[in-house]
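Trainee: Sequence isn't available, so here's the structure alone:
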């Protein structure tokens, strides 16, 4: 009786460890489901939307301008932020706010990206804390899952004027 | 940690200062730097020949990958890496003081 119970327990633990490892690898290298909060990406992503993010782009270094990415916050490594990539390394970006009269520009340094939320008026992003190292990017959001009436791929940026082409 | 200049590369450095510390830099664009929140200041032990925070500034904690504890190879260099802060690199003033 005891041997049976012990055998079952070990088998259960074995399955748990196996599935735990597979789940960890999947979340780390493939992707996962993310619940977004905050107003900084409106109207593309509203508060409490559920999206699917994939991590393959980050590992193969094919994050493009205009992608929405999940990034570890530069000032708080325990929290994640969700913003759109406005400029890659070497791109020219506009560092001033839209309301400023004199526009200032700078170039994104090597190994960094420039992030901005779609809701420019209510978003703390690279205009506040500067360019973000590429190594902090966790994944790229490719699909919105919830709410169902907005299911599908994400829209392009409503702020096309922020993308400066050389 | 992952290099802030080249995300494909990992670099190994010593942590000199944590967030809130004020340190004197060697060859950085500012003479004194207060390490911002969520960042650390790293330096190589071979000053002047190291691509570290004196070149790229404070790094975000999110770039940290792991802590090096031992040297395994070559066998004649087998040792435990001691966490040691060189006395001349101590921070000038801690935030609490």
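Mentor: Noted; the coordinates are in hand. Treat the numbers as computed from the prediction; the structure is a model and nothing was measured. Numbers count the residues shown, from 1 in each chain, chains lettered A, B, ... in the order given.

Trainee: Could you pull up the contacting residues of residue 43?
Mentor: By default, I'm working from chain A. The contact partners of residue A:43, by C-beta atoms under 8 Å, 6 or more residues apart in numbering or on different chains, come to A:118, A:119, A:158. In this view, the C-beta of every residue, glycine as well, is placed from N, C-alpha and C.

Trainee: try again with chain B
Mentor: Residue B:43 makes contacts with B:13, B:14, B:16, B:26, B:50, B:52, B:53, B:54, B:89, as judged by C-beta under 8 Å, 6+ apart.

Trainee: Which SSE is immediately downstream of the strand or helix carrying residue B:54?
Mentor: Assigned by DSSP states H and E, residue B:54 falls within helix B:53-56. Using DSSP H and E, the helix or strand that follows helix B:53-56 towards the C-terminus is strand B:59-60.

Trainee: close to chain A, is that next one?
Mentor: Yes: under the criterion of C-beta under 8 Å from any C-beta of the partner chain, chain A is reached by strand B:59-60 at B:59, B:60.

Trainee: So what touches that strand?
Mentor: Outside of strand B:59-60, the residues that reach it under the criterion C-beta under 8 Å, 6+ apart are A:72, A:74-75, A:77, A:133, A:136, B:1, B:4, B:38-42, B:53.

Trainee: Moving C-terminal from that strand, which element do we reach first?
Mentor: Scanning the chain past strand B:59-60 towards its C-terminal end, the next helix or strand to appear is strand B:70-71 (assignment: DSSP H and E).

Trainee: and chain B, which residues reach chain A?
Mentor: Taking C-beta under 8 Å from any C-beta as the criterion, the contact residues of chain B with chain A come out as B:2-8, B:36-39, B:59-64.

Trainee: Going through those, which ones are buried?
Mentor: Neighbour-count burial (16 or more other C-beta atoms under 10 Å in any protein chain shown) is assigned, among those, to B:2-7, B:38-39, B:59-63.

Trainee: Can I get those in TSV including pLDDT and distance to residue A:105?
Mentor: Written out in TSV, the entries for these read as follows (pLDDT from 0 to 100; distance: C-beta to C-beta, whole Å):
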residue	pLDDT	distance to residue A:105
B:2	91	28
B:3	91	26
B:4	90	22
B:5	90	21
B:6	89	24
B:7	88	24
B:38	91	27
B:39	93	25
B:59	93	25
B:60	93	24
B:61	92	29
B:62	91	27
B:63	92	26
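
Trainee: Show me the residue at the heart of the chain, geometrically.
Mentor: The chain I'm using is chain A. Using C-alpha atoms, centre = their mean, the residue of chain A that lies closest to the mean C-alpha position is residue A:70, 1.3 Å off.

Trainee: Switch to chain B, please.
Mentor: Of all residues in chain B, the one closest to the mean position by C-alpha atoms, centre = their mean is residue B:42, 1.2 Å from it.

Trainee: Correct me if wrong: that one contacts residue B:14.
Mentor: Yes: in terms of C-beta atoms under 8 Å, residue B:42 counts as a neighbour of residue B:14; the distance is 6.5 Å.
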